[in-house]
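A.B. asks: Structure for the following, please:
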Amino acid sequence: MTKHASILLLAAASLVLVAVPTALAKRGHVTATTVTVTAGKPSELAFKLSTKKVPHGVVTFKISNAGAVPHDFKVCSKPTKGALVDTCNGKGTALISPTLSKTLVVTFKAPGKYEYLCTVPGHATAGMKGVLTVT
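C.D. replies: Here you go, the predicted model:
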């Protein structure tokens, strides 16, 4: 390989390293977000989230149960259009026993307000639910 060919190859590689991240940024590429969720706190039938506003894209929920009874965590798949519900289609965890944790990964493709809730009978009705704003 000649010296000129080596320089051209290096220049071409440099352009790729600059062009790809720039193209992704221009297309609205979103990085992953992590939300810490505590179930059973501040009261047994409540959730505490580290944030209630996230960018659209991949969101990892790290849920721990600080309560005295099992809970789960479910995120509805469609944005809410009004009053909160006590059930919905979506993605959720299995039951989480007290002192244990689980991880849930959800991809939000569109901005909106998405409900989250505990699906244990009576828990959402008693207030174990809320709204996550996706921008």
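A.B. asks: now residue 81: how far from residue 58?
C.D. replies: Separation of residue 81 from residue 58 (Cβ to Cβ, to the nearest Å): 24 Å. Any C-beta I mention is one placed from the backbone N, CA and C, and that applies to glycine too.
A.B. asks: now the strands for this structure?
C.D. replies: Assigned by DSSP state E, the strands in the chain fall at 33-39, 47-49, 53-54, 57-65, 74-76, 90-92, 101-108, 112-117, 129-134.
A.B. asks: Redo those strands as CSV? Include mean neighbour count and mean pLDDT.
C.D. replies: Listed next are the strands of the chain as CSV, based on neighbours: other Cβ atoms under 10 Å; pLDDT from 0 to 100:
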stretch, mean neighbour count, mean pLDDT
strand 33-39, 19, 97
strand 47-49, 18, 97
strand 53-54, 16, 97
strand 57-65, 19, 97
strand 74-76, 22, 97
strand 90-92, 17, 97
strand 101-108, 16, 97
strand 112-117, 22, 96
strand 129-134, 18, 96
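A.B. asks: Export those to TSV and append columns for distance to residue 123.
C.D. replies: Below are those laid out as TSV (distance: least, Cβ to Cβ, whole Å):
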stretch	distance to residue 123
strand 33-39	9
strand 47-49	10
strand 53-54	23
strand 57-65	12
strand 74-76	11
strand 90-92	12
strand 101-108	16
strand 112-117	8
strand 129-134	8
